[in-house]
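Participant: have a look at this prediction, sequence included:
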Amino acid sequence: MKSKLLAKILKYLIYACALVPLVIFSQYISPFHFGKVVVFRSLIEIMLALYILLAWSDRSYRPKTDKIFWALLGFVVAFTVTSLASVNTFQSFWGTLERMGGLWSFWHYFVFYVILVSVLRTKEDWIKLLKITTVVGVLSALYGFGQRTNIEWFIGGGGRVRIFGTIGNAALFAGYQILNVFISLILALSVKDKIQRNLFFIATGIMTLAVFMTAVRGSILGISVGFVIFAFLYFSYTHSRQAKNVFVGLVTLIALFVLGALAFQNSSVVTNSPYLTRVTDFSLSNRTVETRVWAWQAGLKGWSESPKTILLGWGPENFNIPFSKYFNPQFFKGPGSETLFDRAHNMFVEVLVTMGLVGLLTYISIFVVALMALWKLRHDSEKRIFSMGLIALVVAYIIHNAFIFDTSANFIVFFTVLGLTSFLTREQYQERVSSVNDLSTSQWLVAVLLLVSAIVLIYKTNILQSKANYTSTRGIVAGFNNDFNSAVSFYKKSISYNVPGKYEERNKLAQYLLDYSASEKAKSPSVIEVYKYAIEEEKKNATENNLDYIPELYLSRLNIILGKDDPASPYNDEALLHSQKALTYSETFVRTYYEIAQGYLNKKDYVNAREAFEKAIDLSPTVGLSYWYLGAIYIQEGNTQRGLELIDDAIKYGYQLGESEYLNLANAYVKSGDLEHLVTIYEGLVRLEPTKVQYLASLAVVYSRLGRIDEAVASARLAVKIDPSFEADARAFVQSLGRVW
């Protein structure tokens with residue numbers, strides 16, 4: 001085998017990497033990220049084996065070092081050092097199943113860069129890669145457009161307002177498309193063929209539209225600034241009248257949009273459109289903006305905690321730890337609230353908090369070095385378009401990254417851009433004949449060894465993790481189908497692989513059991529044994545993930561379920577032990593106080609349960625659920641008046657009652673003789689269950705006792721209209737009120 005053949009194989013594998021953003025593993029946890037990363041890592045591991053052989057047999061293919069290389073290497077080294085110093089080295093190394101980040105994956109992106117700049121040696125090689133990247137971007141955009149339709153086979157369809165393409169998240173998709181937009185624009189202005197030029201302009205328009213259809217304000221700002229910069233640079237160096245008009249038009253359009261948004265923000269045109277409502281909302285009190293700022297504040301408090309965290313951070317992939325430690329209780333608004341940020345939603349804050357000053361300075365150096373290199377190319381007539389386009393791209397991407405974080409698809413394209421920048425700053429490689437054309441016997445032996453090692457590595461780190469992930473989703477499917485035994489079997493098998501992702505897989509089992517606890521079969525001895533198994537697995541999560549409150553809360557809740565029927569059960573004490581430990585990790589996490597209260601309620605210790613709910617109210621005083629729970633305790637203790645006052649507060653703060661809760665309150669108001677509130681309760685029940693005539697009948701009776709005769713008669717007649725068999729009773733009731741039926 002000759003070195004040129006190895007180089008050719010590597011080129012095709014590089015082009016295959018450009019297709020990775022289209023990969024979706026629909027039957028897996030994290031379908032939009034997991035599949036991309038395991039496919040990409042597998043490709044890189046094969047490519048590395050071939051590249052080592054190529055570089056050995058032909059010195060001209062060995063890594064080319066320049067400022068971009070050293071900046072990237074510096075960041076990778078910082079990534080490595082901070083991972084070793086991490087509060088959770090395992091998570092820093094492997095990342096999470098949801099994001100598929102971590103040091104292991106990031107080294108693959110760096111190897112990808114090294115192979116890129118070493119193997120792609122001509123402008124034609126790079127143009128081909130950019131064309132493939134653009135086509136993939138367009139396909140992802142078209143897939144996103146389909147999500148605005150009701151075509152069922154488009155994942156995430158149903159006419160959604162915000163699209164996410166093949167990336168799975170609107171903001172991440174926007175960042176991916178920003179990169180592709182400027183690559184396509186560069187190609188449109190640099191290719192000579194008119195048909196290709198027009199096609200690339202169309203591609204630029206398609207992907208720009210995709211960015212705007214995500215409704216991600218930071219990304220829209222980024223791409224808008226990028227276009228302005230590109231138009232300004234293009235006009236400055238070409239003196240093109242058309243470029244000047246575009247520049248002036250863009251600035252004018254942006255100004256008109258901002259002024260229009262401020263002037264018509266409350267108009268019916270805007271308020272009736274979810275899209276316009278979102279993109280014209282510049283308020284700092286916007287819920288999304290508030291939560292981002294709170295997350296950044298929590299992270300920065302964690303970063304400034306000690307000299308170690310200032311210098312080295314908490315460790316990559318561990319933003320959740322300082323976020324939880326300095327959790328802002330305003331995040332919690334009740335069930336369904338977003339209360340866990342595993343990312344800062346700002347790459348610069350993310351890197352600072354998780355990798356300290358060491359990480360942030362090396363991260364920023366990548367952008368600085370790239371921009372400086374591109375700026376120097378602006379006078380080169382052959383490379384000017386690339387210089388202008390890539391400068392605009394980098395600036396747009398910096399702005400975008402100030403509001404979100406990177407993921408696999410973005411990294412692949414951005415590292416491609418860095419490789420292209422490196423190529424542009426050097427003279428084109430001169431093809432030279434290698435001194436060794438054919439592989440020697442020893443090189444063949446090494447080749448076999450490297451390829452076998454790559455296959456083993458792929459199996460151990462990608463295939464096994466894929467099998468565990470897929471098995472876990474079979475458990476989820478079985479659970480949806482009410483097949484408890486199959487679900488548990490799948491979850492256990494998934495956990496038994498003992499591969500990265502086991503943290504999430506254990507939590508999936510725990511969550512399934514929490515949901516299953518309402519089943520009548522949950523008390524059977526065989527099911528109880530499964531709960532005990534899940535507890536032992538969650539204990540491993542708690543041990544392996546120091547300072548993480550989530551396993552502790554799962555342990556608390558699982559023990560609460562086992563101890564709920566026996567106040568003297570040791571499970572209740574165990575539940576309190578774990579919830580109190582969770583509290584040491586996050587003193588302001590409101591939901592932990594609910595678990596503490598439930599543990600005390602199991603023990604019939606109402607005093608301590610009340611204190612826990614009162615603390616929850618102190619932390620977040622506008623959450624109706626907290627008042628509801630506290631009110632229920634007072635009623636249970638016999639202090640009905642105080643309990644009902646608290647329940648009034650719960651309703652005032654937006655707590656939505658269910659049918660059983662309405663009925664419990666009705667009984668309490670009957671006992672207290674509070675007819676005014678009783679009317680409110682039965683009116684609520686009628687709204688909730690409008691076809692149940694018994695609620696209308698009860699409402700009619702309460703109306704009559706309050707002297708609201710007309711309303712009593714109307715309710716009785718409505719009940720008969722729904723159920724004619726009720727007519728005799730209704731007639732007698734109405735006549736008893738002195739009215740004619």
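Facilitator: Received the coordinates, thanks.

Participant: would you map out the domains in the chain?
Facilitator: Domain segmentation of the chain under automatic domain parsing yields 3-424, 672-741.

Participant: which of those domains has the highest mean neighbour count?
Facilitator: Ranked by mean neighbour count, the domains of the chain are led by domain 3-424 with a mean of 19 (mean count of other Cβ atoms under 10 Å). From N, CA and C alone the C-beta is placed, and that goes for glycine too.

Participant: could you dump the domains of the chain to TSV with mean pLDDT and distance to Tyr554?
Facilitator: Below are the domains of the chain laid out as TSV (pLDDT from 0 to 100; distance: least, Cβ to Cβ, whole Å):
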stretch	mean pLDDT	distance to Tyr554
domain 3-424	93	13
domain 672-741	91	32
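
Participant: any chance of the ones you listed in JSON lines, with distance to Leu509 too?
Facilitator: Converted to JSON lines, the domains of the chain look like this (distance: least, Cβ to Cβ, whole Å):
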{"stretch": "domain 3-424", "distance to Leu509": "13"}
{"stretch": "domain 672-741", "distance to Leu509": "34"}
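
Participant: tell me which of those domains approaches Ser620 most closely.
Facilitator: Relative to Ser620, the nearest member of the domains of the chain by Cβ to Cβ is domain 3-424, separated by 4.4 Å.

Participant: ok, Ala542 touching Leu553?
Facilitator: No: counting by Cβ atoms under 8 Å, Ala542 sits too far from Leu553 to count as a contact (9.9 Å).

Participant: before we move on, the earlier item: the domains of the chain: which one's closest to Ile617?
Facilitator: domain 3-424 (10.3 Å).

Participant: distance between the ends of that closest one?
Facilitator: 24 Å (Cα to Cα, to the nearest Å).

Participant: ok so, going back, neighbour count: Ala542 and Leu553, which is higher?
Facilitator: Neighbour totals were compared for Ala542 and Leu553, and Leu553 leads with 26 against 20 (other Cβ atoms under 10 Å).

Participant: overlap of the contact sets of Ala542 and Leu553?
Facilitator: His578 (Cβ atoms under 8 Å, 6 or more residues apart in numbering).

Participant: which strands and helices sit next to the lengthiest helix in the chain?
Facilitator: Secondary structure of the chain read by DSSP state H shows that its longest helix is helix 347-376. Contacts defined by 3 or more Cβ pairs under 8 Å, 6 or more residues apart in numbering; DSSP states H and E place helix 347-376 against helix 67-84, helix 287-303, helix 307-312, helix 384-401, helix 408-424.

Participant: what do you get if the cut-off is 10 Å, keeping everything else the same?
Facilitator: On a contact count with 3 or more Cβ pairs under 10 Å, 6 or more residues apart in numbering; DSSP states H and E, helix 347-376 meets helix 67-84, helix 287-303, helix 307-312, helix 320-325, helix 384-401, helix 408-424.

Participant: report the buried residues of the strand or helix carrying Leu577.
Facilitator: Element membership for Leu577, per DSSP states H and E: helix 570-585. Burial within helix 570-585, assessed by neighbour count using 16 or more other Cβ atoms under 10 Å, is assigned to Tyr571, Asn572, Glu574, Ala575, Leu576, His578, Ser579, Lys581, Ala582, Leu583, Tyr585.

Participant: do the same with stretch 499-506
Facilitator: Val499, Pro500, Gly501, Lys502, Tyr503, Glu504, Glu505, Arg506.

Participant: do the same with stretch 478-496
Facilitator: Applying a neighbour-count criterion of 16+ other Cβ under 10 Å, one finds Ala478, Gly479, Phe484, Ala487, Val488, Phe490, Tyr491, Lys492, Lys493, Ser494, Ile495 buried in stretch 478-496.

Participant: just stretch 594-612 next, same as before
Facilitator: 594-603, 605, 609-612.

Participant: stretch 622-638 too?
Facilitator: 623-635.

Participant: would you put the C-alpha positions of that stretch in CSV?
Facilitator: C-alpha atoms of stretch 622-638 as CSV (Å, rounded to 0.1, in the frame of the first residue of the first chain):
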residue,chain,number,x,y,z
THR,A,622,-44.8,32.8,45.0
VAL,A,623,-45.1,29.0,44.5
GLY,A,624,-48.7,28.0,45.1
LEU,A,625,-47.8,24.3,45.6
SER,A,626,-45.9,25.1,48.8
TYR,A,627,-48.9,26.8,50.3
TRP,A,628,-51.1,23.9,49.2
TYR,A,629,-48.9,21.4,51.0
LEU,A,630,-48.6,23.5,54.1
GLY,A,631,-52.4,24.2,54.2
ALA,A,632,-53.1,20.5,53.9
ILE,A,633,-50.9,19.8,57.0
TYR,A,634,-52.8,22.4,59.0
ILE,A,635,-56.1,20.9,58.0
GLN,A,636,-54.8,17.4,58.8
GLU,A,637,-53.8,18.7,62.3
GLY,A,638,-57.3,20.1,62.9
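
Participant: contacting residues around the residue nearest to the spatial centre of the chain?
Facilitator: With distances taken as Cα atoms, centre = their mean, the residue of the chain nearest its centroid is Asn169 (7.1 Å). The contact partners of Asn169, by Cβ atoms under 10 Å, 6 or more residues apart in numbering, come to Phe32, His33, Arg162, Gly175, Tyr176, Thr214, Val216, Ile404, Phe405, Thr407.

Participant: sec struct for the fourth one, please.
Facilitator: Yep, that's Gly175 we're talking about. The three-state assignment at Gly175 reads helix, by DSSP: H, G, I helix; E, B strand; the rest coil.

Participant: sorry, back to before: could you tell me which of the buried residues of stretch 622-638 belong to helices?
Facilitator: Those of these lying in helices (DSSP H): Gly624, Leu625, Ser626, Tyr627, Trp628, Tyr629, Leu630, Gly631, Ala632, Ile633, Tyr634, Ile635.

Participant: what sits against the closest residue to the fifth one other than its chain neighbours?
Facilitator: Nearest-residue entry for Trp628: Ala650, 3.9 Å, with adjacent residues in sequence omitted and distances by Cβ to Cβ, 6 or more residues apart in numbering. Ala650 makes contact with 623-632, 656-657, 661 under the criterion Cβ under 10 Å, 6+ apart.

Participant: what residues of the helix or strand hosting Ala650 count as buried?
Facilitator: Assigned by DSSP H and E, Ala650 belongs to helix 640-652. If you call a residue buried by 16+ other Cβ under 10 Å, then helix 640-652 has these buried ones: Thr640, Gly643, Leu644, Leu646, Ile647, Asp649, Ala650, Ile651.
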